[in-house]
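1. Please find the sequence and the predicted model below.
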Amino acid sequence: MLAARQGRRTLVCEMDAKGALASAFDVRALQFEPTEIDERLDAIAMNTEDALREYLRLFVRVPLIGRIGPLASTFDFVADAAPGVKEILGVGKLCYEVRERHYDVVIVDADATGHVVSQIGAPRVIRDLVQVGLVRDQTQWMLDILEDPQRTGVVVTTTPEEMPVVETTELLRELTGRTGVHPCLVVANRVLPVLFTKRQAAVAARLDEVDDLLVEAAGPGVSTVLTGARITEARRRTGARHLAKLRRAVAELPQDELPIVTVPELLTRASGPRVVHAVADSLADELTGAER
Amino acid sequence: MTGIDSVLASREMVLVAGSGGVGKTTVAAAMGIAAAARQRRKVLVLTVDPARRLATALGLDDFGSEPVEVDRRLLPGRARGELWAAMLDTKAGWDELIRRHAPDDATRDAVLANPLYQNITSRFVHSHEYLAMEKLHELHAAGEFDLVIVDTPPSRHALSILDAPARMREFFGSRLLRWLTVPYRSRLFTFASRPFYQVADRVLGSRFLQDIADFFILFQAMEAGFVQRARDVEQLLGDPRTAFVVVTTLETAPSHEARYLVRELHRRDMTVGAVVANRVVPAALATDEAAVAAEHLLAAVAGDPSAADEHTALVDAVGARLDAAPATVATTLAHIAERFDDIALVAGRETQRRQELADLAPTIALPWLDDDVHDLDGLAVLAERLRRPID
């Protein structure tokens, strides 16, 4: 959405068909064919079978449009079992959109942390495993796109919690180690804003001592209000500690200058277009800051 | 009604399921402590613990796939039972399976040495989930422990743990496997498979197909063993001695997943021992009494707007008592009152989610703790809280 606002033709693609992207934009289920979300903004959902059809049509020129029907389900099995086939069809489709310049920027909602390395790394795996054949011939141009830091970058997104930070750290190391694809940005989402200055925090920590005054002024529910503040502050502090850990881990990476930007926690709604807009706003602010 | 203890006491196997990042590993460990401390049983917690935090929390340097005992003196109270911990290792698990099911040494070595082996086993038919179940079966069959608690691997879909054994069986019976292997055995292309091979050949290259086929021919030799075992594992999941504990937070996405999982478990006649709602904020935050107090507090801090540069009686009194600048007191209290809405909103949503879960299964809420649980004391606190009555 931010890219589209900035005047670039943008394609967003969801890889795992869970429908989260559609609900984020509040549109009907996304298809392999682009759905127009906004001016200059299209969205698709990846589908191995459709990707195979398109691939066959474009590259193999097998006249199988009618006959491929019953084969599709079988192909699904093969794609499940044969390493990298499913991934390369998906990645291939995206690289194709980049190569053909149908869009200025292609944004991919990739697989979850545990799977993304095999997804992004599929062309390399195929190149190494498959000695001959069309698939192998097809991998080189994909690698040219994927491994060029000017054209492809991985945005690693996390939340300031223990597991996500550990996984993100591992992912960054693996990306650098096992694929030739470059991480370009780390986004820490759902970061709670700082509530108190140091002096205020000192006062807040001792409010129990004046419980009687507060109850007198605001009623018996005031202790619950204080509990709320204590929990909010503790959540923020825990998050801040994990965020600090993330910063240290990123600083230790061999790659220099990997910026980290934060997006604040939006408590009012979990998803939907308003949230997308709000996140786009804060990303815009943060990214201008990061460039400076 | 009692808390988690009755669930633990009546079972031999407890599977801890739920979406990633909800604290499954921590809850599994806390249940292990609860059972070992309060019941005279030998308990094993089998975990994935990718952060290696549990090892530290349990006072162990590190542990592998072999069970290690947790120092009994570190358990809360006077522990009556024993607590052991072991790690789930997928790669080692697969190698073990191959060794067990291979009909002969030649097949075993050929599979283990096959370049596709590692690549394939780490990805197909939900192998992490299957391995967890397989290990559970092995441990149960060995009968060394009275209770095995399995912290299931994080998966994109909570159900995959239930489907893993069936998928493993189906894989061996699938047309895919037959189609991949038959032509290369008999060198006879059936009419039906011809178009498939034309496509597969052009796309993948026949050499690659041959590699895959070679691997699966080897694999097929182990079919009988694998299928039988998968069936046993499947049965174990539905066994009355097995119960599931579904862990979730009360955020929208994980609790939605948890409800779905509980319904599926019911549909399959599997036992849901309890739902554990983790990191729950106090429900009192969502009450009107608290909301009114927040409003009053704000009013008592702001005072009369016409007397702009004077602090209110409350601010002055608090400042005097705490020996703090009135201006700081005023902004602190105002912040607290203004930001109360946010946490009240969270509490309100959580109350709804909790009710939805309690309608489906016995639900236990664990409070949000001020810090991550990272030692035995923290786990002991959770173990104690798990004891409280179920909703």
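-> On my side now, so go ahead.
2. Quick one: the helices in the stretch 1-150 of chain B, in order.
-> Taking DSSP state H, counting those that start in this stretch, the helices of the stretch 1-150 of chain B run over residues B:4-9, B:24-38, B:53-57, B:90-101, B:105-113, B:115-121, B:127-142.
3. For residue A:92, find the nearest of these.
-> Nearest to residue A:92 among the helices of the stretch 1-150 of chain B is helix B:115-121; the distance by C-beta to C-beta comes to 18.7 Å. Using the backbone N, CA and C atoms, a C-beta is placed for each residue, glycine as well.
4. who are the neighbours in contact with residue 117?
-> You didn't say which chain, so I picked chain A. Applying C-beta atoms under 8 Å, 6 or more residues apart in numbering or on different chains, we find residue A:117 in contact with A:171, A:174-175, A:178-179.
5. if you could check chain B rather than the one you did, that'd help
-> Contacts here follow C-beta under 8 Å, 6+ apart; on that basis residue B:117 touches B:111, B:215.
6. can the helices of the stretch 1-150 of chain B go into CSV with extra columns for mean pLDDT and distance to residue B:44?
-> Shown next, in CSV, are these (pLDDT from 0 to 100; distance: least, C-beta to C-beta, whole Å):
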stretch, mean pLDDT, distance to residue B:44
helix B:4-9, 90, 13
helix B:24-38, 92, 8
helix B:53-57, 76, 13
helix B:90-101, 81, 16
helix B:105-113, 84, 28
helix B:115-121, 67, 25
helix B:127-142, 81, 7
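7. hmm, who's touching stretch A:11-29?
-> A:30, A:34-35, A:37, A:41-47, A:90, A:94, A:97, A:102-103, A:105-112, A:119, A:271-273, A:275-276, B:156.
8. sorry, back to before: tell me the most buried of the helices of the stretch 1-150 of chain B?
-> Neighbour counts (mean count of other C-beta atoms under 10 Å in any protein chain shown) averaged over each of the helices of the stretch 1-150 of chain B peak at helix B:24-38, with a mean of 27.
9. Would you map the strands across the chain?
-> You didn't say which chain, so I picked chain A. Assigned by DSSP state E, chain A shows strands spanning A:10-14, A:35-38, A:41-45, A:105-109, A:154-158, A:183-191, A:260-264.
10. oops, I was thinking of chain B
-> Under DSSP E, chain B gives strands at B:13-17, B:42-47, B:68-69, B:82-87, B:147-151, B:242-249, B:272-280, B:363-367.
11. Let's have the ones you listed in a markdown table, adding mean neighbour count and distance to chain A.
-> Formatted as a markdown table, those follow (neighbours: other C-beta atoms under 10 Å in any protein chain shown; distance: least, C-beta to the nearest C-beta, whole Å):
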| stretch | mean neighbour count | distance to chain A |
| --- | --- | --- |
| strand B:13-17 | 25 | 15 |
| strand B:42-47 | 25 | 13 |
| strand B:68-69 | 16 | 22 |
| strand B:82-87 | 22 | 16 |
| strand B:147-151 | 27 | 13 |
| strand B:242-249 | 26 | 10 |
| strand B:272-280 | 24 | 9 |
| strand B:363-367 | 22 | 9 |
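12. could you dump those to CSV with mean pLDDT?
-> Below are these laid out as CSV (pLDDT from 0 to 100):
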stretch, mean pLDDT
strand B:13-17, 93
strand B:42-47, 92
strand B:68-69, 92
strand B:82-87, 92
strand B:147-151, 92
strand B:242-249, 94
strand B:272-280, 94
strand B:363-367, 92
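13. export those strands to TSV and tack on distance to residue A:216?
-> What follows is those, written out as TSV (distance: least, C-beta to C-beta, whole Å):
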stretch	distance to residue A:216
strand B:13-17	47
strand B:42-47	50
strand B:68-69	55
strand B:82-87	49
strand B:147-151	49
strand B:242-249	37
strand B:272-280	30
strand B:363-367	28
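14. low pLDDT regions in chain A?
-> For chain A, the stretches flagged by pLDDT under 70 are A:17, A:59-85, A:112-115, A:129-137, A:268-271, A:289-292.
15. Out of all residues in it, which is the farthest from the middle?
-> Residue distances from the centre of chain A (C-alpha atoms, centre = their mean) peak at residue A:216, which lies 49.3 Å from the mean C-alpha position.
16. any idea how far that residue lies from residue B:325?
-> As judged by C-beta to C-beta, to the nearest Å, residue A:216 and residue B:325 stand 22 Å apart.
17. Identify whichever of the helices of the stretch 1-150 of chain B lies nearest to residue B:69.
-> helix B:24-38 (9.9 Å).
18. by how many degrees do the closest one and strand B:272-280 diverge?
-> 110 degrees (axes from the mean of the first three to the mean of the last three C-alpha atoms, to 10 degrees).
19. just the CA coordinates of helix B:24-38, formatted as PDB?
-> Taking Å, rounded to 0.1, in the frame of the first residue of the first chain, the C-alpha atoms of helix B:24-38 are listed here in PDB:
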ATOM      1  CA  LYS B  24       3.400 -24.600  24.700                       C
ATOM      2  CA  THR B  25       6.900 -25.500  25.800                       C
ATOM      3  CA  THR B  26       6.500 -23.600  29.100                       C
ATOM      4  CA  VAL B  27       3.100 -25.000  29.900                       C
ATOM      5  CA  ALA B  28       4.300 -28.500  29.100                       C
ATOM      6  CA  ALA B  29       7.200 -28.100  31.500                       C
ATOM      7  CA  ALA B  30       4.900 -26.600  34.200                       C
ATOM      8  CA  MET B  31       2.600 -29.600  33.800                       C
ATOM      9  CA  GLY B  32       5.600 -31.900  34.200                       C
ATOM     10  CA  ILE B  33       6.500 -30.200  37.400                       C
ATOM     11  CA  ALA B  34       2.900 -30.300  38.600                       C
ATOM     12  CA  ALA B  35       2.800 -34.100  38.000                       C
ATOM     13  CA  ALA B  36       6.300 -34.900  39.400                       C
ATOM     14  CA  ALA B  37       5.900 -32.700  42.500                       C
ATOM     15  CA  ARG B  38       2.400 -33.700  43.500                       C
END
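20. what about that helix and chain A, touching?
-> No: shown here: helix B:24-38 not in contact with chain A (C-beta under 8 Å from any C-beta of the partner chain), separated by at least 8.8 Å.
21. tell me the phi and psi of residue B:12?
-> Main-chain torsions, residue B:12, degrees, to the nearest 10: phi -110, psi -20.
22. beta partners for the nearest residue to residue B:66 once chain neighbours are set aside?
-> Spatial nearest neighbour of residue B:66, chain neighbours left out: residue B:86 (6.4 Å); criterion: C-beta to C-beta, 6 or more residues apart in numbering or on different chains. Beta-bridge pairing of residue B:86 under DSSP bridges involves residue B:46.
23. how close does residue B:86 sit to residue B:135?
-> 8 Å.
24. tell me, what's touching those two both at once?
-> residue B:46.
25. Filter the contacts of residue A:117 down to the ones in helices?
-> Among the contacts of residue A:117, the members found in helices (DSSP state H) are A:171, A:174-175, A:178.
26. Mark which of these are buried, thanks.
-> Neighbour counting with 16 or more other C-beta atoms under 10 Å in any protein chain shown marks A:171, A:174-175 as buried within these.
27. Can you add distance to chain B and give those residues back as CSV?
-> What follows is those, written out as CSV (distance: C-beta to the nearest C-beta, whole Å):
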residue, distance to chain B
A:171, 12
A:174, 13
A:175, 17
